[in-house]
Structures are given as C-alpha cells and as structure tokens.
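>>> Got a sequence here, can you model it:
(one chain, ligands or ions: 2)
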Amino acid sequence: MAKMLFIVDAEFNENIGIMCLSSYLKVNGHSVNLAIHSHYKNMEDLLTYINQIDPDLIGFSVMTVQADDYQIVTEVIKRRTQRKIIWGGPHCIYMPEVVMSTNDYVDIICIGEAEDSLLSLMNRIEANEDYSDIPGMLIRNNTRGWIKNEIGYLEQDLDKYPFPDRDLFYDISPILRHFNPKRIITQRGCPFKCSFCCEPLLKGIYEGKGKLIRSHSTNYIIREMQEVINRYPTRNIHFGDDTFNINNVQLKTLLEKYRDKIGLPFTCNIAANNVTEKLIIQLKDAGCTGVYFGFESGVEKIRFEILKKRVTNKQYLETARLLHKYDIDFVTSMMFCLPTETLNDAIETIRFNNRLRPTGSREFYLKMYKGTLLGDYALSRNLSVATGKYEYQTKDDADEHYYVRKIPINGLGLLFLKFPFLIRFAKPIIMSRLDKTLAWLKLPLLLLSYYSMKSFFRMSIWNIWNWRYFFASRKYFFRKRWNITSDFVSETKYR
Ligand code: B12
Ligand code: SF4
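Numbering: from 1, shown residues only. Ligands and ions are numbered 1, 2, ... in the order given. This next block holds a predicted model:
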C-alpha cells in the first residue's frame, strides 16, 4: 500500500476529480487522505499533519486561478519535507509547458484524466520501481530535464470506475456534507467549440486516443445517486456536467429513471441550441426546478465571431419562453470586457438579459487564457495588448473597458435585472461615480437574488444552507483565514 495525500485550498470546492481518483486508488489497495488548508492555522500546522500522515505522494488538483497560490504551498512543502509532489487537473492539462517552466518544486505533472496513470504511479512507488515512462505523466529528472510521456488512451468505459469517494471530503468537512444540492457528473467531454473555453482544446490533446465524449450508463448514474441519498443529507441534485443535454435520446432514458427512482428536485447546465419543447417537458416531468445557461454577450455578432458560440438570440429567447411556460427557473451567465466590445455592447448584453427574464444572473469578465482558440484569435487579429503569465489582456480600442468592468465588479447586471426601468439610465450610471454608491447595493441585491433562488431549488434557503451548515462553517467565517502568501513570506527560514 502506498499513501497519497491531496491538498485543496478551500472548503467550498468539493472536487469530483479528486474524489474519482481517491475511490479508484482505494479499491486498488492504496491509502488516500485529504487536507483542506483553511482548516490549518498556518503552514507549520499543515506540515505537522503531513509528517503525521507520512505520504509517499502529495497531490494538488490545479485550476489556473489557483496555480500561483499552490505554487507557494508546493515550494514550502518541498523545501521542508522533500516529499514527492504531483500536480494534475485543468491547469496541467491545458498549460503543461507553463507549469514546467514556472514551477521549480513540482516533481510530476499529470496532463490528462488520471485514474489509470495515477494508479500505475502509486503501484510503482509502492514497489520502488522506476516510473519515468507512465503515459500522461511529465517527470522531472535532474539530469535529463523533463521526461515528457505521451498522453494515454481515454478510458471509454467510465462505469469501470467506482463512485467518487465523497467521504474523503465529507468526513472532514461538515460544511460540504450538509450543503444540500449534491453535485453529480454524468459524462466527460463537450462537443461545442466556444473560443474562450478550455474544453475544445481536449480534441487536439487527445487526438487519436479515443472518443472524447463519454457517458456513464443510466444505471450507474442512478445507483450513484441512490448511494449519495442514502449516505448524506440530500434534498436536491445538481448535474454538474458542462452540458447536460448533449444527447437528448440518452437523456430521455435518464430522466424517466430519475423520476421513478430518485424523484428529488434537480438543477443542471443546458445548451440552449439543443432545446426542444419535448425536452423541457421531460425535464419538468422528472423534477427539474432550474437550469443554468450562458449566452455571454447580447450582441450576436460578438457571440458568433469572437466567442464562436453559435446560438442565436432567437434560440435563447425561445428557450427562455419554454422555460417560463413550463415554470422552470433559470440563471443566465454573461461575460464582459470581450475583444471589440464597447460600452454600448455591454449595455446591450444587460438589455438582452432582461428580455430573457431570468430568475438570476451571473456576471464575469473575460479571462483570455493562453492556448485557447480566443487567445490565438485575439493575437492574430491584434486584439490583445499584453501578455500575462497565463492569459492575454484584451485590447480596448474604444477605451471603454474601464467602464464595462464596473458591470461585473459592482453587480450592475443584477441591479438592472431587478429594477429594469433603470436600464435607460445605464450609460450615465455606469459612467458616473454613482456606480460606486450603487455598489453598496451589491450585497442586498445578491441576497435578493438568493431569495429568488429559493424557487430555483424549490426549497427554502434554510434547507440549502441549513443550521448544521452554518454551525459547521462557523470556524470558516469567524476564524481569520490563513493567508498563504503572508504566512510564507514571514517564514524566511524556508528560503
Ligand atoms: C464542477 C466545476 C467547478 C466547481 C468545482 C471545481 C472543482 N475543482 O471540481 C466550481 C463551481 C467550484 C468551479 C469553479 C470554477 N471553475 Co470550474 N469547472 C467545473 C467543471 C464543470 C467540472 C469539473 C469536474 O468535476 N470534472 C470531472 C472530473 C472527473 O474531471 P477533472 O476535475 O478534470 O479531474 C480529472 C483530471 O483533471 C485529473 N486530475 C484532477 N485533479 C488531479 C490531481 C492530481 C494530483 C492528478 C494526478 C490528477 C488530477 O484526474 C481527474 C480524473 O480523471 C469543469 C469543466 C470540466 N468538464 O472539467 C470546470 C472547470 C474546471 N472550471 C473552470 C473555471 C475557469 C472555474 C472558475 C475560475 C470559474 C470562475 N470564473 O469563477 C471557478 C474557480 C473556482 C476557484 N477555486 O476559485 C475551468 C478551468 C480552466 C483552467 N484552465 O483552469 C474548467 C475546466 C471549465 C472550462 N472548460 O474552462 N468549477
Ligand atoms: S458549451 Fe460550455 S464547456 Fe462546452 S465549449 Fe462551450 S463553454 Fe466550454
């Protein structure tokens, strides 16, 4: 038996990727532990825990937004314990070269789905064998630099894997255990090619390595949900797939079984270009109370030409009409500070959102990651001005992104959604200093929006975050959160 320890940053990010790896390693005889760093007062406490567990391998699941923080933690752990450290997850899949060139302390980088490659690694560590040729792994070698193994074949039979190991998180985090909608992933891969998203890059990464879009069987998914319901407080399911309605024929069977065997209210993410009235009726009939979809920009030209999201305004309006007709709530997401976007375009996005009449909306500003189709497009068309470590910055020809940025930052989209009559004053509000005053409304607006979500989940807020949840999260809210950077910098002895 070899011992693996995963370290995650925040209590609120239950990580299904790690859960999948953990259950697979455990059924194959290895031991797995988890440390949530916000549980530790400082780095010293975490190091003490690491030494207690004495893991053979320490793993981080990294999204690009987490890379800088994890790099600091990785450095401290390496310097102080000399243990083997592996990074995996989206950041390593989409930017392996950046990880290799910017991180001096990680020993192994996993560049794909990892159940089988991580198991091989653990088996070889246990047997004290060389592991430098495992597919899908990049291995640091002091004399030969990085050994870059090709990515392995994609497992086609996802049912071969055991259910995700939720105990790994829920046993040490009552916050997650009592958080009510439980997230289920039914498939891997996405057929769409939105240019701002990392997902379409998988086609190139896994070229010739098997079919990308794979799904668990309906029976597997139903059994997984039954187990979740039996073991943990669950009043609601959230299907966390990027797009729940990729294959509507298969979905029909799942929805029928869900209605008969599970029967809990559920929410999911949908693609509006694959919606029919029949599908909406099936979703409703199975217990769907809410859906999420992103239209990103209200300006069709930007959505089509820049974002390559080939869904028309008409399709979104029709989807919204059907959702209203069958009384399914929905939350939209919008993106701002897009290449070529002017303030008028951004206001058009808010106006279009109001036309859809969603229950709530989420606003983001674009992060144009290196390597994405949009990143390449922006570079080739001179739509990007500067390069950061992980992303390009959008060129702002109209010099209006300073104002546009205020929309997601100050929650103005929500303001105009709740008080639509204000939209006609949108431009003067955004361009004046009034937005700073209105920013104070962000919290009440968010609360108002959460209140609307009550119907989204068809249960009271109290049941989503119940008293056990608040009791469990008291430490998180009342204890000063550990700040990795200052903790690290003050500990000069590590250097
Ligand atoms: C659920 C989800 C979330 C959840 C939970 C996140 C989590 N860590 O699980 C929440 C809602 C919190 C979330 C938030 C965000 N997310 Co998100 N999310 C997803 C989503 C839809 C599914 C993740 C999932 O469960 N996949 C299924 C599992 C089985 O796959 P997996 O996680 O990739 O794990 C496999 C491999 O990566 C690998 N692996 C994973 N970890 C490790 C660790 C080790 C040591 C090893 C060896 C291998 C390994 O093995 C696993 C099993 O094969 C993905 C899209 C996707 N399809 O993956 C986006 C995705 C991960 N999210 C993304 C983004 C951008 C975000 C946000 C920044 C969005 C935002 N603007 O706020 C935030 C960041 C939150 C933060 N920390 O600050 C991007 C990440 C891109 C990137 N370059 O990092 C993705 C890929 C979406 C996309 N297509 O662009 N997200
Ligand atoms: S539909 Fe979602 S996951 Fe698929 S490419 Fe577009 S943004 Fe990415």
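>>> Show me which residues of the stretch 151-300 of the chain are close to ligand 2?
190, 192, 194, 197, 199, 200, 242, 243, 271 (Cβ under 6 Å from any ligand atom). (Glycine included, C-beta is placed from N, CA and C.)
>>> Closest one of those to residue 306?
Here the nearest of those to residue 306, counting by Cβ to Cβ, is residue 194; it sits at 10.4 Å.
>>> Kindly reformat the residues of the stretch 151-300 of the chain next to ligand 2 as JSON lines containing secondary structure, neighbour count and pLDDT.
Output for those, formatted as JSON lines (DSSP: H, G, I helix; E, B strand; the rest coil; neighbours: other Cβ atoms under 10 Å; pLDDT from 0 to 100):
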{"residue": "190", "secondary structure": "coil", "neighbour count": "19", "pLDDT": "93"}
{"residue": "192", "secondary structure": "coil", "neighbour count": "17", "pLDDT": "94"}
{"residue": "194", "secondary structure": "coil", "neighbour count": "22", "pLDDT": "96"}
{"residue": "197", "secondary structure": "coil", "neighbour count": "19", "pLDDT": "96"}
{"residue": "199", "secondary structure": "helix", "neighbour count": "18", "pLDDT": "94"}
{"residue": "200", "secondary structure": "helix", "neighbour count": "18", "pLDDT": "95"}
{"residue": "242", "secondary structure": "coil", "neighbour count": "17", "pLDDT": "94"}
{"residue": "243", "secondary structure": "coil", "neighbour count": "21", "pLDDT": "95"}
{"residue": "271", "secondary structure": "coil", "neighbour count": "21", "pLDDT": "96"}
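>>> Which members of those residues define the maximum pairwise distance?
Across these, the longest distance by Cβ to Cβ is 13.6 Å; it joins 200 and 271.
>>> if I look at those two, which residues touch both of them?
Residues touching both residue 200 and residue 271 by Cβ atoms under 8 Å, 6 or more residues apart in numbering: residue 192.
>>> coming back round to it: and the residues of the stretch 151-300 of the chain next to ligand 2 as TSV, adding distance to ligand 1?
Shown next, in TSV, are those (distance: Cβ to the nearest ligand atom, whole Å):
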residue	distance to ligand 1
190	7
192	10
194	9
197	5
199	4
200	8
242	5
243	9
271	13
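>>> in the stretch 201-350 of the chain, which segments are predicted with low confidence?
For the stretch 201-350 of the chain, no stretch has pLDDT under 70.
>>> quick one, strands of it?
With DSSP state E, counting those that start in this stretch as the criterion, the stretch 201-350 of the chain has strands at 214-215, 236-239, 266-269, 288-296, 329-336.
>>> Identify the residues contacting the shortest one?
By that I understand strand 214-215. Residues contacting strand 214-215 (Cβ under 8 Å, 6+ apart): 154, 155, 156, 158, 186, 187, 188, 189, 247, 250.
>>> Look up the closest residue to the most centrally placed residue in the chain, ignoring the ones flanking it.
Closest to where the C-alpha atoms of the chain average out (Cα atoms, centre = their mean) is residue 63, at 8.1 Å. Closest residue to residue 63 apart from its sequence neighbours, by Cβ to Cβ, 6 or more residues apart in numbering: residue 90 at 5.3 Å.
>>> and the one you found, what is it in contact with?
62, 63, 64, 198.
>>> so the third one sits right up against residue 390, yeah?
Looking back up the chat, that one is residue 64. Yes. Between residue 64 and residue 390 there is a contact under Cβ atoms under 8 Å: 5.1 Å.
>>> Take the strands of the stretch 201-350 of the chain and write them to a markdown table, including distance to residue 41 and mean neighbour count.
Formatted as a markdown table, the strands of the stretch 201-350 of the chain follow (distance: least, Cβ to Cβ, whole Å; neighbours: other Cβ atoms under 10 Å):
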| stretch | distance to residue 41 | mean neighbour count |
| --- | --- | --- |
| strand 214-215 | 42 | 18 |
| strand 236-239 | 32 | 22 |
| strand 266-269 | 36 | 23 |
| strand 288-296 | 36 | 24 |
| strand 329-336 | 36 | 22 |
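>>> Need the pLDDT of the residue in the stretch 1-150 of the chain that ligand 2 sits nearest to.
The stretch 1-150 of the chain approaches ligand 2 most closely through residue 90 (11.5 Å), counting by Cβ to the nearest ligand atom. The score at residue 90 is 97. That number is its pLDDT.
>>> With residue 491 instead?
pLDDT, read off for residue 491, is 47.
>>> how about the residues of the stretch 201-350 of the chain that lie near ligand 1?
Residues of the stretch 201-350 of the chain lying near ligand 1 (Cβ under 6 Å from any ligand atom): 240, 242.
>>> How about the stretch 201-350 of the chain: which residue is closest to ligand 2?
Closest point on the stretch 201-350 of the chain to ligand 2, by Cβ to the nearest ligand atom, is residue 242, at 3.5 Å.
>>> For the residue lying closest to residue 306 once chain neighbours are set aside, give me phi and psi.
Spatially, and ignoring its direct neighbours in sequence, residue 306 is nearest to residue 339 (5.5 Å; Cβ to Cβ, 6+ apart). With angles defined as degrees, to the nearest 10, residue 339 sits at phi -60, psi 140.
>>> How about residue 128?
phi 60, psi 40.
>>> Next, count neighbours for it.
8 (other Cβ atoms under 10 Å).
>>> pLDDT at it, what is it?
Here, the pLDDT recorded for residue 128 equals 96.
>>> TSV please, covering the residues of the stretch 151-300 of the chain next to ligand 2 and showing distance to residue 311.
Converted to TSV, those look like this (distance: Cβ to Cβ, whole Å):
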residue	distance to residue 311
190	14
192	9
194	10
197	14
199	16
200	15
242	15
243	12
271	7
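>>> circling back: I'd like the strands of the stretch 201-350 of the chain as JSON lines, with distance to residue 126 appended.
Below are these laid out as JSON lines (distance: least, Cβ to Cβ, whole Å):
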{"stretch": "strand 214-215", "distance to residue 126": "29"}
{"stretch": "strand 236-239", "distance to residue 126": "36"}
{"stretch": "strand 266-269", "distance to residue 126": "39"}
{"stretch": "strand 288-296", "distance to residue 126": "42"}
{"stretch": "strand 329-336", "distance to residue 126": "44"}
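>>> Of all those, which one comes closest to residue 278?
Nearest to residue 278, of these and by Cβ to Cβ, is strand 288-296 at 13.6 Å.
>>> returning to what we had before: any idea which of the contacts of residue 90 has the most stuff around it?
residue 62 (26 neighbours).
>>> pretty sure that residue is in contact with residue 92, am I right?
Yes. Between residue 62 and residue 92 there is a contact at 6.1 Å, judged by Cβ under 8 Å.
>>> shared neighbours of these two, anything?
With Cβ under 8 Å, 6+ apart, residue 62 and residue 92 have common neighbours residue 99.
>>> I'd assumed residue 118 was in a strand, is it?
No. Counting by DSSP: H, G, I helix; E, B strand; the rest coil, residue 118 is located in no strand; its state is helix.
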